[in-house]
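Q: Pasting the sequence and the predicted model now:
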Amino acid sequence: MSFNINYIPYAGIVLCSLVACNTLKNSGPGGGAYIEKHRSQFHFSPAEKWMNDPNGLVYYEGEYHLFYQYYPDSTVWGPMHWGHAVSRNLVQWQHLPVALYPDQLGMIFSGSAVVDWNNTSGFGKDGRPPLVAIYTQHLMAGEKAGRHDFQYQSIAYSTDKGRTWTKYAGNPVIPNPGIHDFRDPKVMWDKESKQWVMVFAAGNHVKLWGSPDLKHWTHLSDFGREWGSHGGVWECPDLFPVRVDGTGETRWVLLLSINPGAPNGGSGTQYFVGQFDGKNFVPDPGFSQAVSGEKAVWLDYGRDNYAGVTWSDVPASDGRRLFLGWMSNWDYAQVVPTATWRSAMTLPRSLQLKNTNEGFRLFSEPVRELQNLRERGVTIPAAAIDDGLDLSTVTGFRSVTKELVLEFEWNAADPVAEFGVELYNGKGEKVALGYDPAKQQLFVDRTQSGPGGFSPKFLSRDVAPYVTSNQRLHLHLLIDAASVEMFADNGARVMTDIFFPTEDFTGLRVYGKGVRVASGKAWELKKAW
Ligand code: FRU
């Protein structure tokens with residue numbers, strides 16, 4: 001997004017944050033009702049007020065930390081703070097007080113956090129490593145004065161498991177040389193080059209910087225001016241090594257959010273796969289070829305997965321690369337019809353890198369911990385769909401929160417129209433999602449999902465190119481009160497879309513002439529709050 005004054009209804013009150021304006025209520029699991037209209041029941045959302053990007057994702061001493069862009073005084077974007085929550089299982093979250101407040105250097109924009117295991121920063125205490133947060137500060141006065149150097153990188157540290165934070169007296173650690181967009185640092189320890197590596201966005205490219213101690217940084221390289229999609233400004237990068245599934249090889253993945261310019265409009269996240277040698281990131285030749293045909297490769301083709309990054313310091317014994325995105329889109333995030341809070345996060349996902357016939361591709365799957373929410377499992381018998389199967393009748397489910405795994409099959413010779421799943425209510429509103437074999441596209445159609453008057457950009461039919469193999473498609477759906485996440489063929493393609501029906505979508509049917517359900521399973525899901 002651009003941060004002009006239109007986004008800041010209370011621009012004068014940045015400094016309120018220097019005194020106590022922590023209005024966050026501690027309504028963690030069990031503590032609050034969390035049953036308002038459109039309130040996500042198993043996705044993270046703030047108890048109240050405005051939230052955007054996930055920040056500072058770090059695992060330490062049994063806790064997954066989730067910091068996030070937060071404005072505690074309104075339900076639209078404003079002077080940014082870091083909100084904070086922790087979870088032991090990635091499913092149930094406990095709200096904690098605001099972690100970082102704006103200060104004289106500016107608001108607290110997006111960034112990351114690491115465990116400084118070897119106390120390279122010297123911020124550790126009593127032999128325990130500090131958590132160090134690395135974030136952008138945005139000085140509104142500088143922007144208003146027409147300057148270009150109003151964003152720069154700062155750090156803060158915590159020695160009490162992220163509960164309280166001290167800002168480094170030497171901030172900013174990377175001043176701005178006059179580049180208008182200069183933000184969203186993501187830091188990791190590179191054990192090969194034995195340095196901290198920071199990647200951050202600078203308008204149409206990312207910058208890589210290196211440091212021995214998180215305080216002193218040197219420029220390593222730039223990447224991206226000629227790569228990928230440039231439909232909008234680059235934001236929120238993440239760079240990390242990952243094992244290529246089923247091999248002993250490692251590749252580096254660079255996630256890169258861009259707004260606007262996503263395949264279905266507005267905000268989206270592309271990625272690159274390549275090598276990093278401690279200085280330069282170079283896309284893999286295989287990946288470059290794959291990219292050249294389609295310009296960019298996207299992590300999620302739905303409208304509502306933005307600014308996502310991965311957790312730092314997940315133990316090697318776990319081994320997963322865990323991802324979380326903001327489940328909204330700058331096209332309409334500030335006007336969606338939720339009353340006292342705005343936005344939720346996607347489900348946490350595990351990312352795997354596979355060498356496919358399209359080249360290296362990231363597969364995303366919801367974390368297995370979510371299976372603990374499964375309540376009543378019902379097997380869906382194999383059947384021809386014909387004129388439609390009402391799964392509400394088969395399952396007897398009343399709950400709005402559901403998980404569905406369906407395997408579809410059809411014959412190459414038969415004319416097959418689009419098929420999929422419809423979520424519906426008694427008001428004639430629905431969301432349809434599935435596959436169109438003729439167009440070779442997955443889709444989520446929310447054109448009839450409810451009143452869309454809040455934004456002309458909302459009621460969309462979103463598509464993702466996808467070629468199935470052997471006339472089969474495996475769909476895994478996670479359905480919450482205001483969102484659906486569709487994982488096709490074990491996460492080969494993902495679409496995440498939000499919706500705001502007048503009444504909950506308790507109805508569920510499968511449709512598609514000429515198509516069979518080969519097997520299926522459905523669960524009602526418990527609330528996580
Ligand atoms: C992405 C973003 C970041 C920025 C933050 C401000 O959604 O625009 O680039 O740091 O939001 O809230």
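A: In hand now; what should we look at?

Q: mind checking the SS state of Glu365?
A: Following DSSP: H, G, I helix; E, B strand; the rest coil, we place Glu365 in the strand state.

Q: Return the residues in contact with it.
A: By CB atoms under 8 Å, 6 or more residues apart in numbering, the contact list for Glu365 reads Arg349, Ser350, Gln352, His476, Phe487, Asn490, Gly491. The C-beta positions use only the backbone N, C-alpha and C, and glycine is treated the same way.

Q: for the chain, what spans make up the helices?
A: For the chain, the helices defined by DSSP state H occupy 140-144, 285-294, 391-395.

Q: per-residue pLDDT, the residue of the stretch 251-400 of the chain found nearest the ligand?
A: In the stretch 251-400 of the chain, the residue that lies nearest the ligand is Ala307 (4.4 Å; CB to the nearest ligand atom). The model reports Ala307 with a pLDDT of 98.

Q: Equivalent analysis for Tyr7, please.
A: Note on Tyr7: pLDDT of 43.

Q: Contact residues of the stretch 301-450 of the chain facing the ligand?
A: Residues of the stretch 301-450 of the chain found near the ligand (CB under 6 Å from any ligand atom) are Ala307.

Q: about what we covered before: next, format the helices of the chain as JSON lines and append mean neighbour count and mean pLDDT.
A: Converted to JSON lines, these look like this (neighbours: other CB atoms under 10 Å; pLDDT from 0 to 100):
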{"stretch": "helix 140-144", "mean neighbour count": "16", "mean pLDDT": "95"}
{"stretch": "helix 285-294", "mean neighbour count": "14", "mean pLDDT": "69"}
{"stretch": "helix 391-395", "mean neighbour count": "18", "mean pLDDT": "90"}
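
Q: right, so of these, which gets closest to Lys191?
A: Minimum separation from Lys191 across these (CB to CB) falls at helix 285-294, 23.2 Å.

Q: Please check the contacts of Glu365 and keep the buried ones.
A: Among those, those scoring as buried are Arg349, Ser350, Gln352, His476, Phe487, Gly491 (criterion: 16 or more other CB atoms under 10 Å).

Q: mind checking how far the closest residue to Trp252 other than its chain neighbours is from Arg349?
A: Leaving aside its chain neighbours, Trp252 sits nearest to Phe276 (4.3 Å; criterion: CB to CB, 6 or more residues apart in numbering). Distance of Phe276 to Arg349, given as CB to CB, to the nearest Å: 22 Å.

Q: repeat for Val91
A: In terms of CB to CB, Val91 sits 13 Å off from Arg349.

Q: which ones are touching Ser40?
A: Ala344, Asp480, Ala481, Ala482, Ser483.

Q: The second one and Thr401 touch, don't they?
A: Yes: assessed by CB atoms under 8 Å, Asp480 is found in contact with Thr401 at 5.7 Å.

Q: These two: which has the busier surroundings?
A: Asp480 (26 against 22; other CB atoms under 10 Å).

Q: if we can go back for a sec, pLDDT wise, what is the residue nearest to Trp252 at?
A: Note on Phe276: pLDDT of 98.
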